[in-house]
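Colleague: Dropping the sequence and predicted coords here.
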There are 2 protein chains.
Amino acid sequence: MTVKEALEKLRSFEDTSFALGHAGGILNYDGSTIAPKQSAKVRALTQGELSRISYELTTAPETVEMIETLKTNENELDFVTARKASELYRDLDHMRRIPKDLFVEYQKLCVESDAVWHEAKANNDYASFKPYLQKMFDMSRQIALCIEPDKDPYDTQLNEFERGLTAETCEKFFATLKAGIVPLLQKVIASPNQVREPLLEGNFPVTVQREFSDYIMRVMGLDPERSIIGETEHPFTTDFSKYDVRITTHYHEDAVLSSMYSVIHEGGHALYELNIGDDITTSCLGGGVSMAMHESQSRFYENIIGRSREFCGVILPWLTEHFPAQLSGLTQDRLYRAVNASAPSLIRTEADELTYCLHIMVRFELERMMYAGTITADDLPHEWNRLYKEYLGIDVPDDKRGVLQDSHWSFGAIGYFPSYAIGSAYGAQYLEEMNKSFDVFAAVAAGDFSPISDWFRERIWKYGKLYDPSDLFKKVCGEFRPEVYVKYLEDKFSGIYGLT
Amino acid sequence: MTVKEALEKLRSFEDTSFALGHAGGILNYDGSTIAPKQSAKVRALTQGELSRISYELTTAPETVEMIETLKTNENELDFVTARKASELYRDLDHMRRIPKDLFVEYQKLCVESDAVWHEAKANNDYASFKPYLQKMFDMSRQIALCIEPDKDPYDTQLNEFERGLTAETCEKFFATLKAGIVPLLQKVIASPNQVREPLLEGNFPVTVQREFSDYIMRVMGLDPERSIIGETEHPFTTDFSKYDVRITTHYHEDAVLSSMYSVIHEGGHALYELNIGDDITTSCLGGGVSMAMHESQSRFYENIIGRSREFCGVILPWLTEHFPAQLSGLTQDRLYRAVNASAPSLIRTEADELTYCLHIMVRFELERMMYAGTITADDLPHEWNRLYKEYLGIDVPDDKRGVLQDSHWSFGAIGYFPSYAIGSAYGAQYLEEMNKSFDVFAAVAAGDFSPISDWFRERIWKYGKLYDPSDLFKKVCGEFRPEVYVKYLEDKFSGIYGLT
């Protein structure tokens, strides 16, 4: 195969790959949002078939020849095409180490397991989910060992979400965080300046909350011609090119800010996907480069922006106008303190900025033990509860608010959680860098988020997968310094809680 | 290939075919209901790729060998498998006559053209849709000529929706209808007993109408675990096996019954799909057998049931309870007369039972002329308006309410329209047969639709594509006698309008 032939083949391969990903993604989104319950019976069949087609396409002799031809002749290719060649080669190299039957079986299991998890969480019924959970851990571990037989399979699994990340790096990073967060949290808990905002404990009709979501999406600059919002138990973002990006949220009548923060979080993911370069959006380089980079966007918008005093000032008029009975008397300062009230809690997605990473550490510990085989799915609820006591000092009342709370393990995102913490820490360095170019919070106060999105677009978003995630972060912020994040948290929470 | 090998191959072929149909169908449904506008940019790419994969699968040498092996050894196969063999052979025979590029190009065109039509209708902008419409006719005609080079391509096209149907049969059928309907309509128009129901011209909030749809779906017996309702400009039904059937409707605040009749109509389609046999639902025999058989279900529920005096009695309490201000004073008799008010009108889907088939005849004439090349897309609006004057005696004020009103041509359903009229006529014969087993309107009056669905399930629905549509109809009702339908209309409208 000549390079010219390979380049032609690459184009058709990218189209087919995109189409299969698009179709499978829409099936997932539909299944999570509106599909009738019994549709799960046939969705697993279809997802299995699509994965099989995808597997066969990627491992077909002419695809392999195309990828190898391009890889061998990398120096003849332009920068973008050379990157495509090396990315495809990496994927192929992984894929062909996994037996086809195992690959397809795992894809089907993910769909079934996710459906079972939804029911199990709703019914607080861990027992029904347990065999699926064990299988998810076993089979993903088996696949990790196919990909890299000589490596700790948990490291391989971490790499699926963040290239280059190891359990050892995570451990050091978490040690730094823990050393900063735990004593700070102790001071916060002991502080006489505790925060409680009864105004936010009223009743907020879902119909108005839906309008509020639309307002928040406008403020963030999410293009309504290319993005929509849906409703699911567990919020998520999914995309099918930059022309179709979807976020979901969950409304609680008694907690208007719960949905708002999930919209801002998912909105951060969505902004990344909406701003991938035009030329690569449907190619193999389309989409955000890694989960830590992705979470660094979502958590930046959610916390550094969304929990800033200035942002509270921006949304206050809308809130008091649309919830006049509930929120009369609310001020910017009261709102700012309320959205930053810190206390150990049960639910990760509802956790405040300070305690959030402790939730992540629990999951990291559990994943490592499951992969090491020192515990099984039988032990998970008990171990979950034990670690919540150890890290957060609280008792878990039931599995629904414990081990069943997150969707990640149910659909195969094992090794994903550390990305949230790394992404959170990246955010503090973005803020530092961004403030060298313009006054970030002055822009937020003015309700004009465009300098922020312009900054991200030019430095991160538009590149898609063109650079390795750690290289990209270094290009933007230099070395990763978790202590910047610790300092950010110390400054912020010392201010709010009047710590000395 | 041995028969045993072919049977194994059949199973995997059916799974893959189902998956590709499922994925493409969900993409369509999503695109029509909730997808953001610009997603159309990538949906056409994906649909094109899925069609290509589907084409390649169907025409792959091992598929061809499988189908030919089964076809040759039909007498060794059980009844169901033999039917599968002959159906697959027929599809293959058609498919392989169409050049792959043409096939894929046409699939893409359908997606693009449908998106353009949506915009064109919304903006009353025929000019923007015109080139697509011309291409749809040209390319579908070209494909029809690939399939059967020696046959009138319009007959080939009719066969896509109703096997065995010819333009000649349609002509005779329409002549019978016209001879019965036109003089009857003249009498209705001239009758002094004109119907107008001002109570139904009030304001009916969409939120309550949505609840009404749920109620109607319950009354009809649509299983909520397997069916959902969405909202689109143009209502439709789509299914992905009997475990996932979807209908859509459009709410008009000033016309509560408009949405109700679209729900009942689509609900009739949905009942058919929800009751396909378990063993064939994901196979190549899954799904309703033809469009006339399908429309015979939807139009039976919409008109023969839904516009009966007894049905009006069933829904009246719900309506007056939920719209007390608007509908106070409404009686069963007034409602019955109102839903059967007959007058020539502009919009097919809103047409009364008596004038409905005249709308179909207009479209039949136009399709024939377009296929014969005696008119082009340039002439369509003018010819549409001319025929509305001729058949219905009315002037079409704009293309939105004229040639742009239906979605069918935009996505390739050329030759579909006659199915509505044939299906309507079938309904009168079902009623005749059904009444031999039980009193149909007594069941309706009791609000118990199960004898009706049991009757259909055992005679039609469960069989899927196991029999040719005309054979199936004959098994149930004997010869097709359009005069039964004419008689039904005469009796019904003579009663309502006090004709002698």
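Modeller: Happy to help now that I have it.

Colleague: do you know how far the closest residue to A:S419 other than its chain neighbours is from chain B?
Modeller: For A:S419, ignoring the flanking residues on the chain, the nearest one in space by Cβ to Cβ, 6 or more residues apart in numbering or on different chains is A:M291 at 3.7 Å. In short, each C-beta sits where N, CA and C put it, glycine included. Distance, A:M291 to chain B, by Cβ to the nearest Cβ, to the nearest Å: 23 Å.

Colleague: Neighbours of A:M291, how many?
Modeller: A:M291: 24 surrounding residues under other Cβ atoms under 10 Å in any protein chain shown.

Colleague: Contact partners for A:I276?
Modeller: A:S241, A:K242, A:G286, A:G287, A:G288, A:W461, A:K462, A:G464 (Cβ atoms under 8 Å, 6 or more residues apart in numbering or on different chains).

Colleague: Not counting its neighbours along the chain, what's nearest A:G277?
Modeller: A:K462 (4.5 Å).

Colleague: didn't the one you found look like it was pressed against A:N275?
Modeller: Yes - counting by Cβ atoms under 8 Å, A:N275 is a contact partner of A:K462 at 6.1 Å.

Colleague: Name the residue in the two with the higher neighbour count.
Modeller: A:N275 (24 against 18).

Colleague: Determine which residue lies closest to the centroid of chain A.
Modeller: Geometric centre of chain A, nearest residue: A:E295, 4.8 Å, by Cα atoms, centre = their mean.

Colleague: Let me see the contact set for the residue of the stretch 101-250 of chain A found nearest chain B.
Modeller: In the stretch 101-250 of chain A, the residue that lies nearest chain B is A:D244 (3.6 Å; Cβ to the nearest Cβ). Neighbour list for A:D244: A:R226, A:S227, B:A35, B:P36, B:Q38, B:S39, B:V42, B:R43 [criterion: Cβ under 8 Å, 6+ apart].

Colleague: Where do the domain boundaries of chain A fall?
Modeller: A:3-154, A:167-497 (automatic domain parsing).

Colleague: Enumerate the residues of the stretch 1-150 of chain A near chain B.
Modeller: A:15-16, A:18-20, A:22-24, A:26-27, A:29-30, A:34-39, A:41-43, A:45-46, A:48-50, A:52-53 (Cβ under 8 Å from any Cβ of the partner chain).

Colleague: what about the nearest residue to A:S470 once chain neighbours are set aside, how many neighbours?
Modeller: Closest residue to A:S470 apart from its sequence neighbours, by Cβ to Cβ, 6+ apart: A:G164 at 5.4 Å. A:G164 has 13 neighbours, counted by other Cβ under 10 Å.

Colleague: Kindly report the same for A:E197.
Modeller: Neighbours of A:E197 (other Cβ under 10 Å): 15.

Colleague: Give me the distance between whatever residue of the stretch 51-200 of chain A ends up closest to chain B and A:V195.
Modeller: Minimum separation of the stretch 51-200 of chain A from chain B (Cβ to the nearest Cβ) falls at A:I53, amounting to 6.5 Å. Separation of A:I53 from A:V195 (Cβ to Cβ, to the nearest Å): 54 Å.

Colleague: which of these two has more neighbours?
Modeller: A:I53 (23 against 18).

Colleague: List the buried residues of the helix or strand containing that one.
Modeller: Element membership for A:I53, per DSSP states H and E: helix A:40-59. The neighbour-count check on helix A:40-59 (16 or more other Cβ atoms under 10 Å in any protein chain shown) flags A:40-55, A:58 as buried.

Colleague: Longest helix in chain A, please.
Modeller: Once chain A is assigned using DSSP state H, the helix that runs over the most residues is helix A:3-33.

Colleague: What residues does the nearest residue to A:T349 once chain neighbours are set aside make contact with?
Modeller: Nearest residue to A:T349 in three dimensions, chain neighbours excluded: A:S262, at 6.8 Å (Cβ to Cβ, 6+ apart). Contacts for A:S262 (Cβ under 8 Å, 6+ apart) come out as A:P235, A:T249, A:H250, A:T349.

Colleague: Could you look up the SS state of A:S262?
Modeller: Assigned with DSSP: H, G, I helix; E, B strand; the rest coil, A:S262 falls in the helix class.

Colleague: Make JSON lines out of the contacts of A:D244 and add pLDDT.
Modeller: Conversion of those to JSON lines gives the following (pLDDT from 0 to 100):
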{"residue": "A:R226", "pLDDT": "97"}
{"residue": "A:S227", "pLDDT": "98"}
{"residue": "B:A35", "pLDDT": "95"}
{"residue": "B:P36", "pLDDT": "96"}
{"residue": "B:Q38", "pLDDT": "94"}
{"residue": "B:S39", "pLDDT": "95"}
{"residue": "B:V42", "pLDDT": "93"}
{"residue": "B:R43", "pLDDT": "92"}
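
Colleague: What is the nearest of these to A:G313?
Modeller: A:S227 (25.3 Å; Cβ to Cβ).

Colleague: Report the contact partners of the closest one.
Modeller: Each residue near A:S227 by Cβ under 8 Å, 6+ apart is listed here: A:M217, A:D244, A:V245, A:R246, A:I247, A:A270, A:L274, B:P36.

Colleague: who's it bridged to?
Modeller: Bridge pairing for A:S227 (DSSP bridges) gives the partners A:V245.

Colleague: related to what we said a few turns ago, quick one: residues contacting the residue of the stretch 51-200 of chain A closest to chain B.
Modeller: A:L20, B:T16, B:A19, B:I53.
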